[in-house]
Structures are given as structure tokens and as C-alpha cells.
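# Have a look at this fold, sequence not included:
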């Protein structure tokens with residue numbers, strides 16, 4: 001990895017961390033989830049910093065689609081607030097999805113239990 005790639009990789013990591021913090025706070029302030037707990041688990045920003053995929057976990061898991069619907073309803077407000085708060089030349093366009101990692105791990109554990 002050359003210096004330019006390393007610098008770009010560090011920049012993306014910093015942007016991911018910053019977006020994760022800011023979006024977590026915005027979700028708490030801007031969206032009423034009622035009895036749903038929503039947590040930002042990761043942010044994956046594209047190399048050109050124009051797009052960012054925000055992965056969330058939802059508890060209870062069966063309310064995941066409801067949480068995504070609530071977020072999508074307010075996505076414009078969230079994006080505007082990010083544009084105001086972040087001092088970046090280009091603020092990535094954000095999109096949300098449910099983080100399936102935990103569900104996949106749970107499914108694997110269930111399969112392993114059946115094998116025993």
C-alpha cells in the first residue's frame with residue numbers, strides 16, 4: 001500500500017467514525033422510535049466519499065422494517081443536519097440498512113446446536 005492509498009484509507013476511517021457519531025446523535029434527537037432501540041453499528045463510506053452505507057441493529061429485531069421506515073421518512077432532515085454539522089468538502093449521501101451480522105451468527109449457533 002503506497003502513501004496515497006494509506007492517506008485515503010485513514011481519511012475514510014475518520015469520516016466513518018465521524019458519521020457514526022453524528023448519525024447516532026441525530027437518530028436519538030430527530031426520530032421517535034417509541035419502544036424500539038436502534039443502534040448504528042457501522043458506517044461504510046465509498047472511496048470517493050460521495051456515499052455512505054449506515055448499518056443499524058434494531059431491538060426487538062422484528063421491528064427492523066418499522067425502524068427503517070421511520071428513518072427513511074426523516075432521511076432528508078438527517079442529511080440536511082449532517083450537511084450543516086460536518087465541515088467536509090463533500091458530505092456523503094447516506095442510506096440505511098439493517099445489519100444482518102448478529103442474525104447470521106444466531107442462525108449459525110442454532111444450526112450448530114442441532115448438529116450436537
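Alright, I've got the coordinates. Because the structure is a prediction, the values reported are computed rather than measured. Numbering: from 1, shown residues only.

# can we go C-alpha only for contacts and neighbour counts from here?
OK.

# Spit out the contact partners of the one residue sitting closest to the centre of the chain.
Relative to the mean C-alpha position of the chain, the nearest C-alpha, by CA atoms, centre = their mean, is the one of residue 54, at 2.2 Å. Shown in contact with residue 54 (CA atoms under 8 Å, 6 or more residues apart in numbering): 20, 40-44, 94-97.

# The same query, at a cut-off of 7 Å, please.
When contacts are counted by CA atoms under 7 Å, 6 or more residues apart in numbering, residue 54 touches 40, 42-44, 94-97.

# Mind checking what secondary structure it has?
strand (DSSP: H, G, I helix; E, B strand; the rest coil).

# next one: residue 40
strand.

# what sits against the closest residue to it other than its chain neighbours?
The shortest distance from residue 40 to any non-neighbouring residue, by CA to CA, 6 or more residues apart in numbering, is to residue 56 (4.4 Å). If a contact means CA under 7 Å, 6+ apart, then residue 56 has 38-41, 97-99 as its contacts.

# how about the strands in the chain?
Counting by DSSP state E, the chain has strands at residues 37-45, 51-59, 93-98.

# Can you give the strand pairings for the second one, parallel or anti for each?
Put plainly, it is strand 51-59. The strands that strand 51-59 pairs with in its sheet are strand 37-45 (antiparallel), strand 93-98 (parallel) (by DSSP bridges).

# How about residues contacting the last one?
Outside strand 93-98, the residues that touch it by CA under 7 Å, 6+ apart are 50-57, 64.

# Go through that strand and flag the buried ones.
By neighbour count with 16 or more other CA atoms under 10 Å, strand 93-98 contains the buried residues 94, 96, 98.

# could you give the angle of the helix ranked longest in the chain to strand 51-59?
Assignment by DSSP state H gives helix 3-30 as the longest helix of the chain. Interaxial angle, helix 3-30 versus strand 51-59 (axes from the mean of the first three to the mean of the last three CA atoms, to 10 degrees): 50 degrees.

# any idea how far helix 3-30 is from the chain center?
10 Å (CA atoms, centre = their mean, to the nearest Å).

# other SSEs contacting that helix?
With contacts taken as 3 or more CA pairs under 7 Å, 6 or more residues apart in numbering; DSSP states H and E, helix 3-30 sits against strand 37-45.
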